[in-house]
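Enquirer: structure here, sequence nowhere to be found:
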């Protein structure tokens, strides 16, 4: 079985290597057809046409040269308008990805479907074999975190550092230079056509990757926690919400030419919810659009307080949320890397609540502009605030650091230090909720498994050894502390609010 | 006043923390084992790789200075009780006004031939785990001698490294000296399920070494020879009081103390694993080697030292353990056989990995204790029921109040009640109808 497990890993690694090497493969040739297919706006077509003439028909061996040439052509076009103060003609739409993708010829283009299967299907199968083989290697169900602190990847070793760099670079390309990963996007084009009726964007690729990673790593969760029904149900829930709500439904809506919406994503995590282009799209979509707008507002105005009161913030963070879903599947092997020190908790409180305040101010400014049409408030440009938030929080914090730092700081860096929605849910959980992690009397032996495996960096043991229930704003209710406890000391519960802060004292010690 | 505590385990540290909570006394904790307090119970997880040493420390390193608890790493050679002075191995002299001895245990060796060979060890201290790390490099086969709680931990540790484990126990089934036969069998089956070779009714005759003084085999009393490169001695631990044997301090197996944890010398106290009660309560062991009791004793002693003389009260007995993947919780005095005045009820899940037992009075049906295997139960509920002597039928009928398994886990209450009603027809348990909620 260990051999089969290694074969699974080998299959995955080979597929992964092919996937990476695709970035450097392929040739590029811009033609009249691919140009028109990419630059869909006819005005832009006309404006760009003169400057891309010298690219037409030329075969590029290097993607970098191709993109550089295209960017030069674009700059040249725009520079002229800028010089002439013709601001309305300047092209801001980013066609680089589409042009690069549609101009691809050669190996990648010719073997699109084959490569799709290798990179996504067979690699996932390899991963699944690796996970499932564990059923036979550890045939008796139970908590087995054996050697987690001895493996490089899960204990900040050299492999972990490489992996982290890889993830950060991936996010950098995804957000800032998707044209360079056009070959990956090309692979999911056929799937995108069948689901949405249009060609794939880099966000479609991201959503697809996100889903298969959650699915594969979800299998790992099923194997690892097969003795714990709470973990099984919870894993099923996050996978369901990713596949159905985050991936399928928005794509189907797109196909139906309706505004795409992830019905479980919620402001302020979904910070663009009140941006003008999204409001415009909803308000112009008739009854359905109004309903969507209402639902989005209902979620955070009514949904959060009511659901958190009855179930704690776990109903969202570890059962529904996409970021949480990735953290609970793909991120599970890294949960022990969160910092449990008191110092980290102090930073956490300041940072996460600051982001919440920032999100509220930014949204207020954006809405001010939406309703009044004035683009400045107190002399500050609301678009600038919005840009800063999108870059600093949306890209750097949530993406590059949030996921990129899994192998270094644990799987909930974003949720713990950055997510404004988590901060909001946490405030309700801390002050008005029935949820708590109950400590079982004096049964704690202070072993520290709970604290070690808390992804949110809560020092669970500090409460448990005092006989105190764990009530913390940050707790996402993943239930792993209770699962790894060797003495049956912890239980996640929704009970009457009364007495939830009480500390257990043995009658002899009262 | 200067309080000096020898030993930074759970007993010594609890005493120190609670003295600080109640007073401004100068506190010095001396240990030869480690700089800081760590959780001894977690040592196995360091070896298995679930945790690193740093994770076993229940308090961050700044905690001690902030709470003005001085820590000193030193080994105490002798104590001069006339001048209130300790002498360390480095010839330092440390004076005290009150002395607390909490030096814990050492592995019990009973004079087997070869017990000091390389590759033969017990597991108690941080140094033991480090030694085990070196001792088990390239080991293919290990033998464990003695089937207690440390034995099963070492079995799990070795097994996690893919080392073939032979587990010699004196009883017919694992820990049958404490567990009733059904529970002992349940655990024994689970040990076998993991591929650990449990050999019952077997005692050690001698440990055989090779020319380098390293263990190469063990011989049992039945004359069987088992090849191995590592031997774990887990027949128990014994108070770590060798350095006190020649002193004026009264000792037996451990340092003799009264119910206030006072020794025969004024201002000298002992607690935890190294203390032995002069007058133990009926059915209670004179030496209590448990994490929980060390903690409780520490709390009581801190009060006494701070001027509020307090008896150590064990309360309703409770304990817990984990046998590989099966958790165990026990409440009340539960031995391998019920007392003559008691009746017993045992239920086991058909798959044989979950079980529970309740003992109760033959005369009035009052509950005296619970064992739980593979299911979690609330201490508050068990403690109250046993304390109040609740009737067994009510307890069985209301078990739901105490179940502590994770949400969505299967609830076996109905099966347990059915089984109870069949086994004890004269006590009928009836489950109260559930209150119906409209929405929640």
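Expert: All right, it came through fine. No experiment lies behind these values; they were computed from the predicted model shown. Residues are numbered from 1 along each chain as shown, chains lettered A, B, ... in the order given.
Enquirer: residue B:327 versus whichever residue of the stretch 1-150 of chain A sits closest to chain B, what's the distance?
Expert: Proximity of the stretch 1-150 of chain A to chain B (CB to the nearest CB) peaks at residue A:142, 3.0 Å away. Every residue, glycine included, has its C-beta placed from N, CA and C. Relative to residue B:327, residue A:142 is positioned 10 Å away (CB to CB, to the nearest Å).
Enquirer: you'd agree residue B:51 is up against residue B:42?
Expert: Yes - using CB atoms under 8 Å, residue B:51 is in contact with residue B:42, at 6.2 Å.
Enquirer: any shared contact partners between those two?
Expert: A:448, A:449 (CB atoms under 8 Å, 6 or more residues apart in numbering or on different chains).
Enquirer: so how far is chain A from the residue nearest the centre of chain B?
Expert: With distances taken as CA atoms, centre = their mean, residue B:290 lies nearest the centre of chain B, 3.9 Å away. Distance, residue B:290 to chain A, using CB to the nearest CB, to the nearest Å: 9 Å.
Enquirer: next: residue B:36.
Expert: 13 Å.
Enquirer: pretty sure residue B:387 contacts residue B:331?
Expert: No - using CB under 8 Å, residue B:387 and residue B:331 do not qualify as a contacting pair, with a distance of 10.3 Å.
Enquirer: now do the shared contacts for those two.
Expert: Both residue B:387 and residue B:331 are contacted by residue B:316, under the criterion CB under 8 Å, 6+ apart.
Enquirer: burial count for residue 324?
Expert: In the absence of a named chain, chain A is used. A count of neighbours around residue A:324, defined by other CB atoms under 10 Å in any protein chain shown, yields 28.
Enquirer: wrong one, I was asking about chain B
Expert: 18.
Enquirer: residue A:281 now?
Expert: Using other CB under 10 Å, the number of residues around residue A:281 comes to 16.
Enquirer: give the buried residues for the strand or helix carrying it.
Expert: If you go by DSSP states H and E, residue A:281 is part of helix A:276-283. By neighbour count with 16 or more other CB atoms under 10 Å in any protein chain shown, helix A:276-283 contains the buried residues A:278, A:279, A:281, A:282.
Enquirer: so who does the first one touch?
Expert: When you say that, I think you mean residue A:278. A:259, A:272.
Enquirer: so which residues on the stretch 401-510 of chain A come close to chain B?
Expert: Counting by CB under 8 Å from any CB of the partner chain, the stretch 401-510 of chain A comes close to chain B at A:438, A:440-443, A:445-449, A:451-452, A:461-462, A:465, A:479, A:482-484, A:486-488, A:491-493, A:504, A:506-509.
Enquirer: in PyMOL, how would I select just the buried ones from the residues you listed?
Expert: Filtering these down to the buried ones (16+ other CB under 10 Å) takes a single PyMOL command:
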select buried, chain A and resi 438+440+441+442+443+445+446+447+448+449+451+452+461+462+465+479+482+483+484+486+487+488+491+492+493+504+506
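Enquirer: in helices, which of the residues of the stretch 401-510 of chain A next to chain B fall?
Expert: When DSSP state H defines the helices, the subset of those inside them is A:449, A:451, A:452, A:461, A:462, A:482, A:483, A:484.
Enquirer: for the nearest residue to the first one once chain neighbours are set aside, give me its contacts.
Expert: When the adjacent residues along the chain are set aside, residue A:449 lies closest to residue A:484, with 4.4 Å between them (CB to CB, 6 or more residues apart in numbering or on different chains). Residue A:484 makes contact with A:143, A:145, A:449, A:450, A:452, A:453, B:50 under the criterion CB under 8 Å, 6+ apart.
Enquirer: which of these count as buried?
Expert: Burial by neighbour count, 16+ other CB under 10 Å: within the contacts of residue A:484 this picks out A:143, A:145, A:449, A:450, A:452, A:453, B:50.
Enquirer: of the residues you listed, closest to residue B:302?
Expert: residue A:450 (25.8 Å; CB to CB).
Enquirer: show me the contacts for that closest one.
Expert: Contacts of residue A:450 (CB under 8 Å, 6+ apart): A:460, A:461, A:464, A:481, A:482, A:484, A:485, A:489, A:490.
Enquirer: this completes my enquiry, with thanks.
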